[in-house]
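S.K.: Got a sequence here, can you build the structure:
(chains A and B)
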Amino acid sequence: MTFDNQYVQQRIEKANQLREVGIDPYANNSNRNTTIEKYHNVNSDLMQKEDKRDEHRHYTVAGRIKLFRLMGKASFLKIEDESGMLQIYVARDNLPENFYNDIFKKLIEVGDIIEVTGYPFVTQQGELSLHAHELTLLTKAISPLPEKFHGLQDKEMRYRQRYLDLIMNSEVRKTFHIRSKVVSLTRRFFEDKGFLEVETPMMHPIAGGANAKPFLTHHNALGVDRFLRIAPELYLKRLIVGGFEAVFEINRNFRNEGMDATHNPEFTSIEFYWAFKTYKDLIVLTKEYFDYLFDHLNLPKRLPYGELEIDFDQFTEIELIKSLTTIGGVPENIVNDKQGILDYLKSHNLETKPAMNLGQLQGELFDEFVEGKLINPTFITHYPVEISPLARRNDERPELTDRFELFIAGREIANAFSELNDPVDQLERFEGQMAAKDSGDDEAHEMDEDFVTALSYGMAPTAGQGIGIDRLVMMLTNQHSIRDVLLFPAMKPIQHNQLNNGEEE
RNA sequence: GUCCCGUUAGCUCAGCUGGUAGAGCAUUUCACUUUUAAUGAAGGGGUCGAUGGUUCGAAUCCAUCACGGGACACCA
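M.R.: Residues are numbered from 1 along each chain as shown, chains lettered A, B, ... in the order given. Model prediction:
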């Protein structure tokens, strides 16, 4: 790490010059007494008044200089704090002797964080501003900011140096404010319903609760390998066995899979489990949850998503098998015919494995022909049992499960079901997954004997659900890459010494 | 993992079929006391992602690598 860039050197020199005249370029304290947003709120009355200034009001605001317009003996600055942007008017004769010429003009610049005291006034152009009579440098920025008009465009830099992205792009700050609110509202919604927030292990001896490849790490003291969790499900259900009747956990899951616009190796979900309820209760709860979010976020129910418009007042519900024909256009006579599906998929140039069972093939059909078409919120219900190793069988049709997934804008947002609580059935399903694993399916579910033991003590009838928070935030903020709703998305490290390559491995 | 595209000044971007690099903003110097991406004038600033190759000559053509973006595959 060096500061040998010419512009950085110039600014370091300015910091040194400030020190020489007794100004600390990294001041220890601030006397700010209002935020910029409050300043605007309190003083906007001047816009309507005859006298466009009020010298009896005094405020001290602080912020980063984003624009600097110097016009001889007076200047206009725009400073920004988290709450907003404010124009500052600085005139030579209102500041201490020589401060304007020797300090302000020469040693303070865009990017620096300053504090300004003055009174409110409205400029001839009609902008509420602050007339400065005191100006203090709080923090010297020695790296220059990106260009003022286009901002920071380079995606790689935006993700790697998110702080710069946040400085330059206010809409990015807005996205992450919404994300924070979504998490907070989610927590409040479930707490208000009587759910208990719990924390279960992130390091698992068995990576269970989903079909995915885990990250592997090692615990030195115990001398054992541990997996970063792919889902908290099996632990949360153990808590239901233990007698907690409504629990939720909001936290990270880790999956060692490919990365793309909707997948990051670590992602956030909420999982919740509710005893004495069924998946049908969860459909009602999910709608209520969305209403709650929209209400508290002050969002309209019809939201743009790229070219699409999503109507969050239009939740529909359809069984998976039925959606294959009505939405997917798959011929009705083949949806329950293994060979028929194989032929159909083949005729659409889609890869198939002959070892796939009927349920898996129906899942394939759904993924290919239905999923992408589900724009408005849609609950797809009654998944085949073969692709639902942890879900309760439907009482009338045991080849199906009491399960739904919620799709919005062609993407899976939530997965929920009445939980399988028959320990013998659960054991058999695990054994089925083991067989699938032996025959090459490396994402088949792991056997978790302790979980089966837990069920053997009796788990009340329970419904459980997971919601992908990142994808939900994408929907709500009209973002099309998961990286744009993650403050620090996963990135490959930069190789600094490229001369060394070829010598490794 | 695979395929396609990209990487040029601090930032945003030009740079055609190969002839030793340009603009705007920023920066430096000067002028300017109500500007709105302020304005006017002058100057400085580059290992053209890296390494090889082709060529008299490479930002430009070729190969390999690195990083990023998009699509596909897998997953959520």
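
S.K.: Could you use CA atoms for every contact and neighbour count after this?
M.R.: Will do.

S.K.: Check the stretch 301-450 of chain A for the residue nearest RNA strand B and tell me.
M.R.: Nearest residue of the stretch 301-450 of chain A to RNA strand B, counting by CA to the nearest atom of the strand: A:Glu412, 4.4 Å away.

S.K.: Confirm that residue sits in a strand?
M.R.: Yes - remark: A:Glu412 belongs to a strand, assigned using DSSP: H, G, I helix; E, B strand; the rest coil.

S.K.: residues in contact with it?
M.R.: If a contact means CA atoms under 8 Å, 6 or more residues apart in numbering, then A:Glu412 has A:405-406 as its contacts.

S.K.: Return the set of residues that bridge with it.
M.R.: A:Phe407 (DSSP bridges).

S.K.: pretty sure A:Ile387 contacts A:Gly359?
M.R.: Yes - under the criterion of CA atoms under 8 Å, A:Ile387 makes contact with A:Gly359 at 6.3 Å.

S.K.: Can you classify A:His177 as helix, strand or coil?
M.R.: A:His177 ends up helix, using three-state DSSP.

S.K.: Report pLDDT for it.
M.R.: pLDDT recorded at A:His177 is 96.

S.K.: list the contacts for it?
M.R.: A:His177 neighbours (CA under 8 Å, 6+ apart): none.

S.K.: Can you give me the separation between it and A:Ile270?
M.R.: Counting by CA to CA, to the nearest Å, the gap between A:His177 and A:Ile270 amounts to 18 Å.

S.K.: Same check on A:Thr217?
M.R.: On the measure of CA to CA, A:Thr217 and A:Ile270 end up 24 Å apart.

S.K.: RNA strand B contacts on the stretch 101-250 of chain A?
M.R.: Residues of the stretch 101-250 of chain A found near RNA strand B (CA under 7 Å from any atom of the strand) are A:106, A:109-110, A:122-127, A:129, A:144-156, A:210-212.

S.K.: returning to what we had before: A:Thr217 and A:Ile270: which is more packed in?
M.R.: A:Ile270 (21 against 13; other CA atoms under 10 Å).

S.K.: pretty sure the more buried one contacts A:Gly464?
M.R.: No - counting by CA under 8 Å, A:Ile270 sits too far from A:Gly464 to count as a contact (10.5 Å).

S.K.: where along the stretch 101-250 of chain A do the helices fall?
M.R.: Counting by DSSP state H, counting those that start in this stretch, residue ranges of the helices within the stretch 101-250 of chain A are A:105-107, A:155-160, A:162-168, A:170-192, A:233-241.

S.K.: so of these, which one's packed in deepest?
M.R.: Comparing those by mean neighbour count (mean count of other CA atoms under 10 Å), helix A:233-241 comes out on top with a mean of 21.

S.K.: List the contacts of that one.
M.R.: A:200-201, A:208-209, A:246-248, A:271-273, A:275, A:451, A:454-455, A:457-460.

S.K.: Just the buried ones out of those, please.
M.R.: A:208-209, A:246-248, A:271-273, A:275, A:451, A:454-455, A:459-460 (16 or more other CA atoms under 10 Å).

S.K.: So which of those residues belong to strands?
M.R.: A:246-248, A:271-273, A:275 (DSSP state E).

S.K.: Low-confidence bits of the stretch 1-150 of chain A, can you list those?
M.R.: A:1 (pLDDT under 70).

S.K.: Just confirm A:Tyr279 contacts A:Ser418, I think it does.
M.R.: Yes - under the criterion of CA under 8 Å, A:Tyr279 makes contact with A:Ser418 at 5.0 Å.

S.K.: Touching both of the two, which residues are there?
M.R.: Counting by CA under 8 Å, 6+ apart, the residues touching both A:Tyr279 and A:Ser418 are A:402-403, A:463-464.

S.K.: so which of those is the most crowded?
M.R.: Going by other CA under 10 Å, A:Arg403 tops the shared contacts of A:Tyr279 and A:Ser418 with 32 neighbours.

S.K.: Can you pull the poorly scored residue ranges out of the stretch 351-500 of chain A?
M.R.: Looking at the stretch 351-500 of chain A by pLDDT under 70, you get A:495-500.

S.K.: What segments of it are helices?
M.R.: For the stretch 351-500 of chain A, the helices defined by DSSP H, counting those that start in this stretch cover A:358-369, A:423-438, A:449-456, A:469-477.

S.K.: burial of the nearest residue to A:Val385 once chain neighbours are set aside, as a residue count?
M.R.: The shortest distance from A:Val385 to any non-neighbouring residue, by CA to CA, 6 or more residues apart in numbering, is to A:Leu400 (5.0 Å). Counted with other CA under 10 Å, residues neighbouring A:Leu400 total 23.
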